[in-house]
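Engineer: Generate coordinates for the sequence data below:
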Amino acid sequence: MLATISITCPKCHETTELRVSRDETPGTSGSTSFCRACRARFFALTQEDGRIVLLDPDAPPDSSGKTPLRVLAIIGAPSRSGYRVVPPSHLGIFDRGVPPSPSDDESVGISDEELTRPIPSLDGSLLRRPDGSHRTPAEAAKHVGWRSVWVVQLNQALRERLAGPPPLSFPPGVFVSYRWGTAAENEWTAELASRIKVRGYPVIFDREKPVDLDVPGMVSQIADCRYFLAVLDPGYVERLGTDAANEATKDGWVFDEFNTAALLSTHGQIRILGLLREGSVLPRGFRHPKPGRPGNVLDARTPEQLALVLDEALPPIDRAPDADTVGKARALLRASHEHMCEERYQEALDSAGELTALLPGIVDGPAQQVRVALHALSPEAGLEAAEEALKLAPGSQELLLAAGSFANAVGQHHRAIAHLAALLEAPGDDPSLNLASAHNSLGSSLDEVDQVYPAIAHLELARRLRPDDPDIHCSLGFVYRRAGEPKRAVECLRAGLRHHPAHVGLLVNLTAALIESRRLTDARRVLAKLAECAPGDPAIDGLGESLEAAAAAPGRAPRLVATIPRSETSLWCRCTECAARVPVDGTRGTLCAHCGSALPIEPAPCPNCGGSGRIHPAAPNLAFQCPYCRRGRLAMAGRDKFESALPPVRHAKGG
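Structural biologist: So this is what the prediction gives:
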C-alpha cells in the first residue's frame, strides 16, 4: 500500500511529496518515487518501525563497477530513548457503545450438579442457575475455584464497559500495571503514577482505590485507557512467562491485566508499553527496539533514564484540561451515549455539542455526533459531523468510512468516492472497519458516475469479503446489467439467492437479467417467485410487461436499464490478484490510482475523487499496483485473449 508524505528533497532542498510504501506485513518494503521539483529519483525503503530510508538509485558506480545504494536521508529517526510513542487513534465509531445482543445475555445458567463436572466455557452462566436466578460468587467458587469466578467477572465487566461510550482520545488515560512487591518497589510505582498524572494524563492505579476494591471492575477500566503501562521486573516476568520457554507462571491479576490489554491492542484501542524497572529478562509480549524494528520496552533502570523516557514517551500535555473539565467531558460523553441508546437523538446530539464546546479542537465531540447519526439512521447529519471530525483527525479510517458511507446514502457520490478512496489508501488495518461496506459503497457511487467496470471491481471485492450479503450481490448484479453483461448478472444474483431465497431485490434484478438474456421461461418462474414472496410489489407489473414485450419481439435482446457502451476496440487491463477487469481505449486510457476511475490521458485531477495519481496500463514494461485490491498488479490483455482466460464467477465462500 502506498501513502504520500511531505519532505524536504535531499538534493534540491525544496519541499516535495513522495509516494512511499506503507505495507503492514513484517519486515521492510520499498517503493520508487521522485522529487516533484527537481525530478530526482529515490528508492524509499520503509522499515518495520516506520522509519523511511531514502536511497539514491542514480549514484555513480564505485571502483569495482558496482552501483552503491547511497543513503540520502532517514525520515522519522527514533528518539533518544529508542522508541517513539503515540497514542492509538482508534475512536471506536463502529465497535464501542454497542449493547450486547440478546444471545449474549446468558440468562440461562447451569445447575449445581453441572458445576461438579468440567465446565465447557467460563461465561456468565456460571453465576446463574437454570431458572435465571443469581448464584453468588462464593457459591460458584466452592465448585470451580475463585480463579474461574474472577475470569467470569472480568469478562462480564469488560463486556459492560465496551457496551458503553469509548474513552476520551484527549487527554489519553494511562493504566498502570505492576506486580505488588516490597514497600520500596510499591512506592516507586506510586511515585511513577503521580508523575504521569502531573503531566496531564488521567491515571488508573489500584493504590488510589478503596480497600474493598472491585478488582474485576478495576481491571476492566483498561478499556477506558489509551496506554497500558506495565512496570517490568522479575516478579512481572514470573506472572507472564517468557517467549523463550513454556515455564509455569504464578497466578495473579497481572496475567489478566496483560491479556486484557493485549486483546484491546489487537483492535487498535490501546498502546502497550513496558517500563523496565529491574532485571534484563523480558516477559512475553515485550521486546526492546532495535534499529529498523520497533519495540515496546522503555529502559527506566536509572533515574536519568526514567526521566528521559517519560519526557519522550509521555511528555507533559500543553494546556491539559484540569480534572474537573475531564470529569465533565466524560459525563457529557456518557449522557450522549445514554440518550442515544434510549433513542432520544436530539438530546444525544446536544450533549455531544456541549462536549465539542468544552474540548474545542478535540475530535471526541464530533465523533460522538457521528455515532448518534449512525444509530439514528440520519445520513445528512452524519455526513456533516464526519467531515467536521475529519478536519480534526484527517487520517482517521473510521471517519473516512463513515463520511463515505453517509455521502453515498444521500447521493453525494463525488464526496463518497473521495472519502472512500482515501480510506482504502490509508495506512493501517483497523479490524473494526467493514471494508466490504467500503468497497460496496464506493462501487455503488462509481456506478452513479457511469464508471461501471471500476464499480464492478470494487463490488467484486465486497462480495469476496462478505459472500453471503444479499445487498452486495444485488448491487453487483445490477451493475453487471448496466455493463451489458446480463449472463454474469444472472450468475451473481443466483449466488445471492442461494443464501437468501426470498430477497426481493435479488428476485427483481434476476427476473430483469433473465429477460435481458432472453431466458424468458426462467424469467417467468422467478417472477412467480417474486409475486409469492412480495405480493403487490410495484416492480411485478412492469417486469411482466417487459417479459411479454420480449416474447413478442424474438431475436432482440431488451435492455431494461441504461447501459454504458463499451468500445469494441478496447483493450482490457486486469489484476493478478482480484477480479478487476477494466476496458481502456483512446478515450479512457488511464486509471485513477486512488479510486480506479477510467479517465482520459491528460494531466488533470480525477473528476470523481480529486486524486492526481494516474495508472497507465498500456505503458510497456511497467507494472502498476491495482487501485482496487491494492495487492496485485495490473496487466494488459487483448479482449479475446482476456475473455477466454476469464475464470467463471465463483459462488463458494470467499469468492
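Engineer: What pairs with the helix or strand hosting residue 231, parallel or antiparallel?
Structural biologist: Using DSSP states H and E, residue 231 falls within strand 227-232. Each strand paired with strand 227-232, and its direction, by DSSP bridges: strand 174-177 (parallel), strand 271-276 (parallel).
Engineer: Tell me which of those sits most buried.
Structural biologist: Among these, the stretch with the highest mean neighbour count (mean count of other Cβ atoms under 10 Å) is strand 174-177, at a mean of 25. Placement of C-beta: from N, CA and C, glycine included.
Engineer: Keeping just the C-alphas, turn that strand into CSV.
Structural biologist: In CSV, the C-alpha atoms belonging to strand 174-177 read as follows (Å, rounded to 0.1, in the frame of the first residue of the first chain):
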residue,chain,number,x,y,z
VAL,A,174,-3.0,5.5,31.4
PHE,A,175,-3.5,2.2,33.2
VAL,A,176,-0.5,1.3,35.4
SER,A,177,0.0,-2.4,35.7
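Engineer: who's in contact with that strand?
Structural biologist: 189, 192-193, 196, 201-205, 221-222, 225-231, 254, 257-258, 261, 314 (Cβ atoms under 8 Å, 6 or more residues apart in numbering).
Engineer: So what's the gap between that strand and the chain middle?
Structural biologist: Offset of strand 174-177 from its chain centre (Cα atoms, centre = their mean, to the nearest Å): 26 Å.
Engineer: Kindly state the pLDDT recorded for residue 163?
Structural biologist: Residue 163 is assigned 89 on the pLDDT scale.
Engineer: Isn't it up against residue 98?
Structural biologist: Yes: between residue 163 and residue 98 there is a contact under Cβ atoms under 8 Å: 6.4 Å.
Engineer: So residue 7, which state does it fall into?
Structural biologist: Per DSSP: H, G, I helix; E, B strand; the rest coil, the secondary structure class of residue 7 is strand.
Engineer: Burial check on it, number of neighbours?
Structural biologist: 18 (other Cβ atoms under 10 Å).
Engineer: hang on, the earlier thing: out of the contacts of strand 174-177, list just those in helices.
Structural biologist: 189, 192, 193, 196, 254, 257, 258, 261 (DSSP state H).
Engineer: Most neighbours among those residues, which one?
Structural biologist: Result: residue 261 is most packed of the ones in helices among the contacts of strand 174-177 (other Cβ under 10 Å), 26 neighbours.
Engineer: Could you pull up the contacting residues of that residue?
Structural biologist: Per Cβ under 8 Å, 6+ apart, neighbours of residue 261: 175, 177, 222, 228, 270, 272.
Engineer: run the last query once more with 6 Å
Structural biologist: Neighbour list for residue 261: 222, 228, 270, 272 [criterion: Cβ atoms under 6 Å, 6 or more residues apart in numbering].
Engineer: ok, now how distant is residue 604 from residue 383?
Structural biologist: According to Cβ to Cβ, to the nearest Å, residue 604 and residue 383 sit 26 Å apart.
Engineer: buried sites along stretch 423-439?
Structural biologist: For stretch 423-439, the neighbour count (16 or more other Cβ atoms under 10 Å) marks 423-427, 430, 432-433, 435-439 as buried.
Engineer: of the residues you listed, closest to residue 138?
Structural biologist: residue 432 (37.7 Å; Cβ to Cβ).
Engineer: Tell me the predicted confidence for the closest one.
Structural biologist: pLDDT at residue 432 comes out at 71.
Engineer: now swap in residue 170 and tell me
Structural biologist: The per-residue pLDDT of residue 170 was computed as 86.
Engineer: what do you get for the one 5 residues further on?
Structural biologist: Predicted confidence (pLDDT) at residue 175: the value is 96.
Engineer: what does residue 101 give?
Structural biologist: For residue 101, the pLDDT comes out at 59.
Engineer: for the one 3 residues further on, same thing?
Structural biologist: Per-residue pLDDT puts residue 104 at 46.
Engineer: And for residue 29?
Structural biologist: Residue 29 is given a pLDDT of 61.
Engineer: got it, and residue 584?
Structural biologist: Looking at residue 584, the pLDDT reads 85.
Engineer: where along the stretch 451-600 of the chain do the strands fall?
Structural biologist: 571-575, 581-584, 590-592, 598-599 (DSSP state E, counting those that start in this stretch).
Engineer: Mean neighbour count and distance to residue 342 for those strands - can I get that in CSV?
Structural biologist: Supplementary listing: the strands of the stretch 451-600 of the chain in CSV, determined by neighbours: other Cβ atoms under 10 Å; distance: least, Cβ to Cβ, whole Å:
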stretch, mean neighbour count, distance to residue 342
strand 571-575, 22, 47
strand 581-584, 22, 48
strand 590-592, 25, 44
strand 598-599, 24, 48
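Engineer: Without its sequence neighbours, what residue ends up closest to residue 616?
Structural biologist: Leaving out its chain neighbours, the residue that sits closest to residue 616 by Cβ to Cβ, 6 or more residues apart in numbering is residue 590, at 5.5 Å.
Engineer: Which residues does that neighbour form beta bridges with?
Structural biologist: Residues in beta-bridge contact with residue 590 (DSSP bridges): residue 599.
Engineer: so it sits right up against residue 601, yeah?
Structural biologist: Yes: in terms of Cβ atoms under 6 Å, residue 590 counts as a neighbour of residue 601; the distance is 5.3 Å.
Engineer: circling back: and which of the ones in helices among the contacts of strand 174-177 is nearest to residue 285?
Structural biologist: Of these, the one sitting nearest to residue 285 (Cβ to Cβ) turns out to be residue 258, at 6.5 Å.
Engineer: my read: residue 481 touches residue 489, true?
Structural biologist: Yes: counting by Cβ under 6 Å, residue 481 touches residue 489, with 4.7 Å between them.
Engineer: joint contacts of these two?
Structural biologist: Residues touching both residue 481 and residue 489 (Cβ under 6 Å, 6+ apart) are residue 513.
Engineer: which ones are touching the nearest residue in space to residue 387 that is not next to it in sequence?
Structural biologist: Among residues not flanking residue 387 along the chain, residue 403 sits closest, at 5.6 Å (Cβ to Cβ, 6+ apart). Residues near residue 403 by Cβ under 6 Å, 6+ apart: 386, 387, 419.
Engineer: Would you reformat the strands paired with strand 227-232 as TSV and include distance to residue 586?
Structural biologist: Shown next, in TSV, are the strands paired with strand 227-232 (distance: least, Cβ to Cβ, whole Å):
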stretch	distance to residue 586
strand 174-177	60
strand 271-276	52
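Engineer: Which among those is found nearest to residue 558?
Structural biologist: strand 271-276 (59.2 Å).
Engineer: ok, then the element right after the closest one?
Structural biologist: strand 297-299.
Engineer: got the contact list for that next one?
Structural biologist: Contacts of strand 297-299 (Cβ under 6 Å, 6+ apart): 81, 83, 274, 275, 276, 286, 288, 305, 309, 313.
Engineer: Run through who's touching the strand holding residue 231.
Structural biologist: 174-178, 189, 261, 270-277.
Engineer: pull the CA atoms of it into PDB?
Structural biologist: Taking C-alpha atoms only, strand 227-232 is exported to PDB below (Å, rounded to 0.1, in the frame of the first residue of the first chain):
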ATOM      1  CA  TYR A 227      -2.000   3.400  27.300                       C
ATOM      2  CA  PHE A 228      -1.300   0.300  29.200                       C
ATOM      3  CA  LEU A 229       2.000   0.900  31.200                       C
ATOM      4  CA  ALA A 230       3.500  -2.300  32.600                       C
ATOM      5  CA  VAL A 231       6.200  -1.900  35.200                       C
ATOM      6  CA  LEU A 232       8.600  -4.800  34.300                       C
END
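Engineer: That strand - what's its average pLDDT?
Structural biologist: 96.
Engineer: My guess is residue 368 contacts residue 351. True?
Structural biologist: No: with contact defined as Cβ under 6 Å, residue 368 and residue 351 do not form a contacting pair (7.9 Å).
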